[in-house]
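> Here's a sequence, model it:
(one chain, ligands or ions: 2)
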Amino acid sequence: MKRWEIKKVLEREIESLPQGVTIPEAGTSENYITGTWRTFKPVIDFEKCTQCLFCFIFCPDSSIEVDNGKVVGVDLKHCKGCGICAAECPRNAISMIEEREEG
Ligand code: SF4
Ligand code: SF4
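Ligands and ions are numbered 1, 2, ... in the order given. Next comes the predicted model:
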């Protein structure tokens, strides 16, 4: 894999750098189905869940679904499978399951 040397990048003129992607409008993330990037998905065991909402607070993609102040599921269209919710759950109520497995 080709590695970037940050020192060399900083020495170059900004115009010589390849153009990246820009998102001209804010608030468009809902339109992008980032769940397709995922290899592991979170599965919540509601028998263990105490509704502390830690997973909701820590999820970087706002993918923990909450209704009436209670966790009700995961928005799998946008969850990227990072596993932060499972790592932060104090009850170990979230398991990260490989996409091809049932769960
Ligand atoms: S962090 Fe765990 S216990 Fe807390 S609401 Fe989420 S799944 Fe339930
Ligand atoms: S795996 Fe990551 S993106 Fe998906 S619900 Fe958990 S914290 Fe959010």
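> Report the secondary structure element holding the residue nearest the centre of the chain.
Central residue of the chain (CA atoms, centre = their mean): residue 80, 3.8 Å from the mean position. Following DSSP states H and E, one finds residue 80 outside all helices and strands.
> ok, it to residue 97 distance?
15 Å (CB to CB, to the nearest Å). C-betas here are computed from N, CA, C, even on glycine.
> how many other residues sit next to residue 8?
Using other CB atoms under 10 Å, residue 8 is surrounded by 8 other residues.
> what's whichever strand or helix holds it in contact with?
Using DSSP H and E, residue 8 falls within helix 6-11. Helix 6-11 is contacted by residues residue 17 when judged by CB atoms under 8 Å, 6 or more residues apart in numbering.
> Number of residues surrounding the nearest residue to residue 53 once chain neighbours are set aside?
Spatial nearest neighbour of residue 53, excluding adjacent residues (CB to CB, 6 or more residues apart in numbering): residue 71 at 6.6 Å. Applying other CB under 10 Å, we find 23 residues neighbouring residue 71.
> Kindly report the same for residue 74.
22.
> Run through the residues of the protein sitting next to ligand 1.
When proximity is defined as CB under 6 Å from any ligand atom, the chain approaches ligand 1 at 44, 49-55, 71, 89, 91, 93-94.
> now with 8 Å?
Within the chain, the positions near ligand 1 by CB under 8 Å from any ligand atom are 44-46, 48-56, 58, 64, 71, 85, 88-94.
> surely residue 50 meets residue 89?
No. When contacts are counted by CB atoms under 8 Å, residue 50 is not listed as touching residue 89 (9.5 Å).
> All good on my end, thank you.
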